[in-house]
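Participant: What would the 3D arrangement of this be:
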Amino acid sequence: MDDGQTPGAVALVGRGDDVLFHAAFGDRMVAPERRPMLPDTVFDLASLTKPVCTATCVMQLLEQGKLVLADPVSRFIPGFARHYGDTATIRHLLTHSSGLQAYRNFLDTMGTDVAPEQRRPLAIQDICAMEPAYPTGSRFMYTCLGYIVLASVVEAITGEPLDEYARKHVFEPLGMTETGFNPGPELVERCAATEQLPDGVLLGVVHDEAARFLNGVGGNAGLFSTASDLSRFMRAILNQGEWRDARVLSPLSTALMMSAQSQIPDGVRGLGWDVSSPHTPGPRGDLFPPGTIGHTGYTGTSIWADPASRTYAILLTNRVHLGRDKDVGRLRRQVANIVASHAVPSRRFIMVAPANPVRTGLDELRYSRFEAIRGMKLGLVCNHTSIDGSRKHLLDLLLSAPDVEIGAILSPEHGFAGLLDELVPSETHETGLPIHSLYGEHQSPTPEMLEGLDALVYDIADIGVRFYTYTTTMTLCMKAAAQAQIPFFVLDRPNPINGTDVEGPVLDKPFGLLSAWHPIPLRHGLTSGELALWSNGEYEIGCDLRVVNCAGWRRYQWFDQTGLPWVNPSPNMRNLKQAILYPATGTLEATNISVGRGTDTPFEVLGAPWIDGSKLARRLNSEGVDELTFTPIEFTPNTREFVGEQCGGVYIMLGDRTRFKPVRAAVQIARALRELWPESFNYRKLTHLLGSDPAVDAVGELQPVDAIVNAWEPEIEEFLKRRGQYLLYG
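Facilitator: From the prediction side, this is the model:
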């Protein structure tokens, strides 16, 4: 308030059923007269309307069987088919990925003379006529128009306008008597004033122009409430949809709303709630961990909540009363940090296995008693990672399975045991089965290797990065299976670094190397099964492909959220942190630096004999590589680059993995090395791992990091459009 960013505020903090803090500060109005802020001040919530009202009503209708998330919007709003056909769904509207433009000021475009009963039909007609801003599902773009459409969906299904339906089915059951649209005279007297317009200050009238045109009921905005009423709502949401004797949502609905439901990089959204998007950092602050949720409102309102500890922070301001240029973003961050540090003192920020761990494709095959492969003689494309949830190996399970015969084993890079960091010879297993190496004399199965086999079964843990060689081996085996006219089974496994984040350039030339094969982004966000479907379709392999899906895996999950046992996928990939860093440091490995192979911390360090670690650490820390900090070190690798030589370099510490952009970090590090040691650093060798000659040229020219990264964004958008048909998991 002293800085002039808001005239006043109300803050409320709760945990479970306890209100820990509730206080008012400053004034709710400063012009035309001064009125003090009170704890029961009524606020224009702006976009908090979206999760508190609109999304909650939509989820109630889902529970009643009146809609499903995959329903096309045109099922309820026929005019929506004009530009979207059946592609844009209810889920797309809820997650801001429908393709709709961001906003329309209907007061400006249609004026105030339109009859009240005609306003919503005209607005919906206008929205349906708008050209899409982007292809449905290809990106995240925050849009108020999607929630205006959702309000009409609620009305089309129930026959009631959104405000009436929400009052009867959400607010009254929870005792939220001071919550609603278009507040009456008694509540207007307690309202915080918003913008000062030429004809007077807005008081008890919605600030948002689109909602104001829509008679105060926008779906995107228009809801008024108090901190106490919002506390009741948050207690219900964090108590699995129930508060006291009132249940407004089922436990599964609240869990679904608060989990990542979109698959769009830089825009991970729940259903109504924000999970991780460009809007997230302010209200979440620096301490609330991934897995927390919230939302903001344009007038200066916000909620952030931690479902694990049932802690929530409500901050209500009327910053627009002093002008639209006023900003409470830093205040939101400060409040979130205070709440996270004081209101959650006992929480351990450790990912624990879920009550029902994810099941891999192998687990699912085993639970089906191997029904899909009975009566077949199989070739197994596998290695040491081919284990089920109880660490039993694929080979051992199939040797004891009824009516299944094993004819051969085909091993990828690092061999069947996963121990070799060199070319792998073929050998014989202790059972007498041949182990044909696909990382030696041959990279593809020969007809002789497949002779007498009825099918190939692939089960190898991947790491989610284009240049990890296992999925190239998988694709080459698919081609061989197609030529041999035998089925190819993929026993799927989760992407350990999640299936949501996609980053980096698309490989711009067919190098034909195991580490440079797929024309996809460096971090692709696919499982092996999904990449198999992509390969079969995009490369026209024509394989009889049969993917056995994982059960219970969601795209947003990291490996430590699956409950599955970790096995080092390769000799130098020893933990999840290294896997997360791998798209950054692994990208640099083809150049003349060591990334720690032959040390205790591969991919967590990088260096070379010609690098001054202190100088590099100072440069990278001063530039600010998102979510990374660097400490100068010296190390001596015992394998690979600079074996036996002392290297100067840096040890890398990782912050919030959900905000970390590893390929951007690789570019930033490479650019620093190029500038600091131009005669020593061979940046040209970035080509086949980074995968883009233009990006490598830009590093050599020391172009700005943002320019380098932005140049590959169109490629990612195109990839995202095409990959949608191959996705197996939500």
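
Participant: okay, CA-based contacts and neighbour counts for the rest of this
Facilitator: Will do.

Participant: Show me which residues of stretch 393-401 are buried.
Facilitator: Neighbour-count burial for stretch 393-401, counted by 16 or more other Cα atoms under 10 Å, picks out 393-395, 398, 401.

Participant: quick one: contacts of that stretch?
Facilitator: The contact list for stretch 393-401 (Cα atoms under 8 Å, 6 or more residues apart in numbering) reads 362, 369-370, 380, 384-388, 404-406.

Participant: on that earlier part again, turn the buried residues of stretch 393-401 into TSV, including secondary structure.
Facilitator: Converted to TSV, those look like this (DSSP: H, G, I helix; E, B strand; the rest coil):
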residue	secondary structure
His393	strand
Leu394	helix
Leu395	helix
Leu398	helix
Ala401	coil
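
Participant: Lowest-confidence one in those residues?
Facilitator: Lowest in pLDDT among these is Ala401, which has 93.

Participant: so who does the residue nearest to Gly724 when sequence neighbours are not counted touch?
Facilitator: For Gly724, ignoring the flanking residues on the chain, the nearest one in space by Cα to Cα, 6 or more residues apart in numbering is Gly137 at 7.9 Å. Shown in contact with Gly137 (Cα under 8 Å, 6+ apart): 88, 92, 97-99, 264, 720-721, 724.

Participant: of all those residues, which comes closest to Gly504?
Facilitator: Gly504 lies nearest to Leu720 out of the contacts of Gly137, by Cα to Cα, at 12.5 Å.

Participant: For Thr136, see how far away that closest one is.
Facilitator: Counting by Cα to Cα, to the nearest Å, the gap from Leu720 to Thr136 is 10 Å.

Participant: Over to Arg310?
Facilitator: 34 Å.

Participant: Then Thr89?
Facilitator: Taking Cα to Cα, one finds Thr89 at 9 Å from Thr136.

Participant: Mind listing the shared neighbours of the two?
Facilitator: Ser98.

Participant: tell me which element the nearest residue to Ala227 once chain neighbours are set aside is part of?
Facilitator: In space, and not counting its chain neighbours, Ala227 is closest to Leu12: 6.4 Å by Cα to Cα, 6+ apart. Using DSSP states H and E, Leu12 falls within strand 8-15.

Participant: same deal with Leu606?
Facilitator: strand 605-608.

Participant: List the contacts of the helix or strand following that strand.
Facilitator: Per DSSP H and E, the first helix or strand lying C-terminal to strand 605-608 is helix 613-623. If you take Cα under 8 Å, 6+ apart as the criterion, helix 613-623 is touched by 607, 629-634, 648-650, 669, 672-673.

Participant: can you rerun that using 10 Å?
Facilitator: Residues from elsewhere that reach helix 613-623 (Cα atoms under 10 Å, 6 or more residues apart in numbering): 606-607, 624-625, 628-634, 647-652, 665, 668-669, 672-673, 676.

Participant: how far out from the middle of the chain is it?
Facilitator: Relative to its parent chain, helix 613-623 has a centroid offset of 30 Å by Cα atoms, centre = their mean, to the nearest Å.

Participant: Can you list the buried residues in that helix?
Facilitator: Within helix 613-623, the residues scored as buried using 16+ other Cα under 10 Å are 613-614, 616-617, 619-620.

Participant: And the strands in the stretch 251-400 of the chain, which stretches?
Facilitator: Residue ranges of the strands in the stretch 251-400 of the chain, as given by DSSP state E, counting those that start in this stretch, are 268-269, 274-276, 293-297, 301-306, 311-317, 376-382.

Participant: Quick check: which element contains the residue nearest to Gly724?
Facilitator: Counting by DSSP H and E, Gly137 is part of no helix or strand.

Participant: tell me the pLDDT at it?
Facilitator: With respect to pLDDT, Gly137 scores 87.

Participant: same deal with Phe213?
Facilitator: 97.

Participant: One more: Met474?
Facilitator: pLDDT recorded at Met474 is 98.

Participant: what's the distance between it and Glu242?
Facilitator: Distance from Met474 to Glu242, by Cα to Cα: 48 Å.

Participant: chain center to the helix-or-strand element of the chain with minimal mean pLDDT, what's the gap?
Facilitator: Least confident helix or strand of the chain, by mean pLDDT, DSSP states H and E, is helix 281-284 with a mean of 77. Distance, stretch centre to chain centre, for helix 281-284: 16 Å (Cα atoms, centre = their mean).

Participant: Which residues outside that helix are in contact with it?
Facilitator: By Cα under 10 Å, 6+ apart, helix 281-284 touches 274-276, 288, 290, 292-296, 301-306, 313-315, 328-337, 340, 659.

Participant: Stretch 683-691: which residues count as buried?
Facilitator: For stretch 683-691, by 16+ other Cα under 10 Å, it's 683, 686-691.

Participant: Okay, and which of those residues map to strands?
Facilitator: Among those, none falls in strands (DSSP state E).

Participant: what's the closest of the residues you listed to Leu513?
Facilitator: His688 (8.8 Å).

Participant: Show me where the stretch 1-150 of the chain has its helices.
Facilitator: 49, 56-63, 81-84, 90-94, 106-110, 116-129, 144-158 (DSSP state H, counting those that start in this stretch).

Participant: Tell me where the model's unsure across the chain.
Facilitator: Residues of the chain meeting the criterion pLDDT under 70: 263-266, 279-281, 343-356.

Participant: can I see the domain layout of it?
Facilitator: Taking automatic domain parsing as the criterion, the chain consists of the domains 8-342, 361-566, 576-691.

Participant: for those, which one sits closest to Leu728?
Facilitator: domain 361-566 (6.6 Å).
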